[in-house]
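Novice: Here is my input, please return the structure:
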Amino acid sequence: MARALVIFASEEGQTARIARRVAEELHRAGVEVALRDLARHGTEARLAGYDGVVIGASVHFGHHDKAVARLVKEHLAILHTRHTAFFSVSLSAGGPSRDAAAARRYLEEFAAATGWKADLAASFAGAVRHSRYGFLRTLLVHLSLRRSGAPESGDHEYTDWAAVTSFAEAFARRLQAPKRALP
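Specialist: Numbering: from 1, shown residues only. Just a heads-up that it's a prediction; the model follows:
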């Protein structure tokens, strides 16, 4: 049975929800899955014990979580010998501020900054959770959403769960092949 690690950094919880769905779908496909929150487990993850690694990170204020970039850089040699996938979560990928070019650019910038190009990469729309924001973040989100004509209050989820399922299924199929050899 293939073994996969799904590791993520989630600031407001939507990336965690997506990571859990990916893990559930991999498990459903017969993969033994470990799910790790980078905030709780840090960068000491033992990636070498897995056939595949899925990494997820949200985009806030135009950048992915720095801890995720650090994890990738620290484990680059191991990532090059495993089946890998990366998913990015942002409102650029869908929702009121949809900008497909920006969502692609986030993926490209992450790959350039870390030196890692995952075998499979995707951008998923996130969520707006006004109920969890402090005053300053609420103000910044309101200003951003006002420009797009989107709803300014309440919680809104924009994630395309069918796309998340398809991503996980595609990665499960990848795991059926042997691990990659050292470059």
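Novice: Quickly find the element holding the residue most central in space within the chain.
Specialist: For the chain, the residue sitting closest to the mean C-alpha position, by C-alpha atoms, centre = their mean, is G56 at 2.2 Å. Assigned by DSSP states H and E, G56 belongs to strand 52-60.
Novice: which helices and strands sit right next to that strand?
Specialist: For strand 52-60, the packing partners by 3 or more C-beta pairs under 8 Å, 6 or more residues apart in numbering; DSSP states H and E come out as strand 3-9, helix 14-28, helix 66-74, strand 83-90, helix 161-174. Every residue, glycine included, has its C-beta placed from N, CA and C.
Novice: Just want the angle from it to helix 66-74.
Specialist: For strand 52-60 against helix 66-74, the angle by axes from the mean of the first three to the mean of the last three C-alpha atoms, to 10 degrees is 140 degrees.
Novice: Pull out the buried residues from strand 52-60.
Specialist: 52-59 (16 or more other C-beta atoms under 10 Å).
Novice: Now the residue nearest to the centre of the chain: closest residue in space, sequence neighbours ignored.
Specialist: F8 (3.9 Å; C-beta to C-beta, 6 or more residues apart in numbering).
Novice: now do A118
Specialist: Nearest to A118 is F86, by C-beta to C-beta, 6+ apart, at 3.9 Å.
Novice: Look up the pLDDT of the one you found for me, please.
Specialist: In this prediction, F86 carries a pLDDT score of 97.
Novice: mind listing what it touches?
Specialist: 54-57, 107, 110, 116, 118, 120-122 (C-beta atoms under 8 Å, 6 or more residues apart in numbering).
Novice: now it: how far from A121?
Specialist: 5 Å (C-beta to C-beta, to the nearest Å).
Novice: and for these two, which residues touch both?
Specialist: Common neighbours of F86 and A121 (C-beta under 8 Å, 6+ apart) are L107.
Novice: Minimum distance to L47: which of the helices and strands packed on strand 52-60 has it?
Specialist: strand 3-9 (6.3 Å; C-beta to C-beta).
Novice: Run through who's touching the closest one.
Specialist: By C-beta under 8 Å, 6+ apart, strand 3-9 touches 15-16, 18-19, 22-23, 26, 31-39, 41, 45, 47, 49-58, 65, 67-68, 71, 171, 175.
Novice: can you rerun that using 6 Å?
Specialist: 15, 19, 22-23, 26, 31-36, 38, 45, 50-57, 65, 67-68 (C-beta atoms under 6 Å, 6 or more residues apart in numbering).
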